[in-house]
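*Asks:* coordinates only, no sequence provided:
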């Protein structure tokens, strides 16, 4: 988050770094200046204009209302308020205007949702959108540093013919743990009663909310892969117009904000997670017309889940708040 | 193939092992007896009842008709004859009866197609089937031993912080080569003019042919993963009946030939490639009802691409030829 604020030269008058009591007192450098981390208490938010939250849902539930009460606008990177009807859920390329309706808290969507709606919005705007079916290929960095370590250590164990015991993935708080190295695990987050995982339901519900389309048909299957960073998505869509060509679709996406088109089969050009790491954009390729339905298309959407999927989108929301003159 | 013939105790009166001139003379042990490999010439097929071919499309195109001319029934594991209207394309659990129409050559389908149709046929039989959208998660062993070596060496290089040069994947005969370790590559086989890869078109065309449903809507996106063995597939289907429950769907699949149901979210039970290696069955789980269409379902289908996807299905075809008394 700090790296993104620094890179984008966000207009900061003063910066406060808040964390748990345990981390208070530690020093962090930002733009060459040293800052001391303070404890995140309700009072710490006095005088703050924008508070970027990324410390887990429980902390957000406790402290985001306190920060908002004191006049800060909270941009919350957790799932705590995403489906709250009073909280705008914002991807600036899609629904920046929703920021006008904020009540002190703005939610940053789930990483896998963000990159998909950035790719879908320009299509919806031009051709309408009625159905989305997505299968994801998600990186372990979405599950945190422990998951990355587990993948790397497991991978080495397998190459060396040694045994290992999975302890983190697929879900650190769940009962069973499975091998992620050289495997594909069709579980991200816990299961709901309907057989879908929370990750899948987040993609379904958040997509409808961000795009403002409660009647959009959305289905998701979310799968974790042995990839460190970069989520990929195989997306099938149905639009409202018939007989749109692949070239027209490519043309729309090549001009869309936040999107880089990478699509040339003759050059074997298509997005891949290994190539997206450290980049801001959402990469779209493998655009094909469905062979049966003339309003159906297939896309392959890749983005760095730690950048556009998290820090960048939060900072972009903060930028929009400034640009729209929404700070008190 | 030999291992499968041995494991299943296939009724062999005499065995001939044929290969290129280069391999002729080498010794191979089968059921404790030593065999000398002979050169595969047209004459070598004299007196052979069943010829299992797995030496690439060009060899099959040259020698399969020669073997058939001499009275052998060829079971061909390449793509050479799959879409030939005179050649049955057979997965015994699905369309064993097509073997009655053979003209000397029977084609074994593509690995990713076989496991999908084994899962779909029991559903089609009971509820009908109108639409299939599949996104694959395919293992590198489908691309051969060189691809496996490349993945393992690349993986070690990345863990050790060393450089490497991709030389095999995604397609050894194509121009560009990309990293497979810790990556997801949305290209398997070369591209066709319509933007689909040959692998994707194989899944589409072979599924229609095997299931005998030219009007079935099928779409595929095929992706290579850093998994050594075991293809996974995220499959969306629409059936002809409304209001079928997940439990009814599970019940059908639990009794289906060649299928093992692994589906219990409360126990985090679902199929994964790491668990399917060395096993005969097609594993199905993550069965969910689509939240928008009452005739829509989502499945996760996993199988060992070297067993049911290749050797086992060929040997099962040979077994069916024996059981149906189709040998001359």
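*Replies:* Yep, it's here. Here the structure is a predicted model, which means the values were calculated and not measured.
*Asks:* wasn't residue A:251 part of a helix?
*Replies:* Yes - according to DSSP: H, G, I helix; E, B strand; the rest coil, residue A:251 belongs to a helix.
*Asks:* and the gap between it and chain B?
*Replies:* To chain B, residue A:251 is 15 Å away according to CB to the nearest CB, to the nearest Å. Any C-beta I mention is one placed from the backbone N, CA and C, and that applies to glycine too.
*Asks:* and residue A:36, by the same measure?
*Replies:* Distance check for residue A:36 against chain B: by CB to the nearest CB, it reads 34 Å.
*Asks:* phi, psi of residue A:70?
*Replies:* phi -90, psi 10 (degrees, to the nearest 10).
*Asks:* ok, it touching residue A:46?
*Replies:* Yes - under the criterion of CB atoms under 8 Å, residue A:70 lies in contact with residue A:46, with a separation of 5.3 Å.
*Asks:* which one of these two has more residues nearby?
*Replies:* Counting neighbours by other CB atoms under 10 Å in any protein chain shown for residue A:70 and for residue A:46 shows that residue A:70 has the greater number, 16 against 11.
*Asks:* who touches that one in this structure?
*Replies:* A:42, A:45-48 (CB atoms under 8 Å, 6 or more residues apart in numbering or on different chains).
*Asks:* may I see the residues you listed arranged in a markdown table, with pLDDT and distance to chain B as well?
*Replies:* Conversion of the contacts of residue A:70 to a markdown table gives the following (pLDDT from 0 to 100; distance: CB to the nearest CB, whole Å):
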| residue | pLDDT | distance to chain B |
| --- | --- | --- |
| A:42 | 97 | 38 |
| A:45 | 98 | 39 |
| A:46 | 97 | 44 |
| A:47 | 96 | 44 |
| A:48 | 97 | 39 |
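*Asks:* narrow the residues you listed to just the buried residues.
*Replies:* Using 16 or more other CB atoms under 10 Å in any protein chain shown as the burial test, the contacts of residue A:70 include A:45, A:48 as buried.
*Asks:* keep only those of the contacts of residue A:70 that are in helices.
*Replies:* Within those, membership in helices is found for no residue, as judged by DSSP state H.
*Asks:* just flag the most distant two among the contacts of residue A:70.
*Replies:* Considering CB to CB, no two members of the contacts of residue A:70 lie farther apart than A:42 and A:47, which are separated by 12.8 Å.
*Asks:* pick out the residue of the stretch 1-150 of chain A closest to chain B.
*Replies:* Sorted by distance to chain B under CB to the nearest CB, the residues of the stretch 1-150 of chain A start with residue A:135, at 3.8 Å.
*Asks:* where does residue A:62 land in three-state SS?
*Replies:* Each residue gets one of three states, and residue A:62 gets helix by three-state DSSP.
*Asks:* could you measure it against residue A:56, distance?
*Replies:* 10 Å (CB to CB, to the nearest Å).
*Asks:* re earlier: okay if I get the contacts of residue A:70 as a markdown table plus distance to residue B:14?
*Replies:* Below are the contacts of residue A:70 laid out as a markdown table (distance: CB to CB, whole Å):
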| residue | distance to residue B:14 |
| --- | --- |
| A:42 | 86 |
| A:45 | 85 |
| A:46 | 91 |
| A:47 | 91 |
| A:48 | 85 |
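*Asks:* what is the burial count for the residue nearest to residue A:180 when sequence neighbours are not counted?
*Replies:* Nearest-residue entry for residue A:180: residue A:169, 4.7 Å, with adjacent residues in sequence omitted and distances by CB to CB, 6 or more residues apart in numbering or on different chains. Neighbourhood size, residue A:169 [other CB under 10 Å]: 26.
*Asks:* identify each buried residue in stretch A:2-15, please.
*Replies:* By neighbour count on 16+ other CB under 10 Å, the buried set for stretch A:2-15 is A:2, A:4-5, A:10.
*Asks:* for the residue lying closest to residue A:128 once chain neighbours are set aside, report the pLDDT, please.
*Replies:* Counting by CB to CB, 6+ apart, residue A:240 is the residue found nearest to residue A:128 once chain neighbours are left out, at 2.8 Å. pLDDT recorded at residue A:240 is 98.
*Asks:* next one: residue A:157
*Replies:* Residue A:157 is assigned a predicted lDDT (pLDDT) of 98.
*Asks:* against residue A:164, how distant is it?
*Replies:* The gap separating residue A:157 from residue A:164 is 4 Å, by CB to CB.
*Asks:* ditto for residue A:184
*Replies:* According to CB to CB, residue A:184 stands 18 Å off from residue A:164.
*Asks:* cool, and residue A:139?
*Replies:* Counting by CB to CB, the gap from residue A:139 to residue A:164 is 20 Å.
*Asks:* those two: who's more crowded?
*Replies:* The neighbour count for residue A:139 versus residue A:164, taken as other CB under 10 Å, is higher for residue A:139 (29 against 15).
*Asks:* how about that one, nearest residue that isn't a chain neighbour?
*Replies:* Once flanking residues are discounted, residue A:139 sits nearest to residue A:227: 4.4 Å by CB to CB, 6+ apart.
*Asks:* try residue A:327
*Replies:* Leaving aside its sequence neighbours, residue A:327 is closest to residue A:49 (5.0 Å, by CB to CB, 6+ apart).
*Asks:* hmm, residue A:311 is touching residue A:3, no?
*Replies:* Yes - under the contact definition of CB under 8 Å, residue A:311 touches residue A:3, with a separation of 7.4 Å.
*Asks:* now do the same contact list for residue A:243.
*Replies:* When the contact criterion is CB under 8 Å, 6+ apart, the partners of residue A:243 are residue A:294.
*Asks:* surely residue A:261 and residue A:249 touch.
*Replies:* No - taking CB under 8 Å as the contact criterion, residue A:261 and residue A:249 are not neighbours in contact, 9.6 Å apart.
*Asks:* between the two, who's got more neighbours?
*Replies:* For the pair residue A:261 and residue A:249, the greater number of neighbours falls to residue A:249 (24 against 21), based on other CB under 10 Å.
*Asks:* roughly how far apart are the more buried one and residue A:127?
*Replies:* When distances are taken as CB to CB, residue A:249 and residue A:127 turn out to be 8 Å apart.
*Asks:* how about residue A:98: what's its closest non-neighbour residue?
*Replies:* Here the residue nearest residue A:98, using CB to CB, 6+ apart, is residue A:88, at 3.9 Å.
*Asks:* just give me the neighbour total for the one you found.
*Replies:* The criterion is other CB under 10 Å. On that basis, residue A:88 has 23 neighbouring residues.
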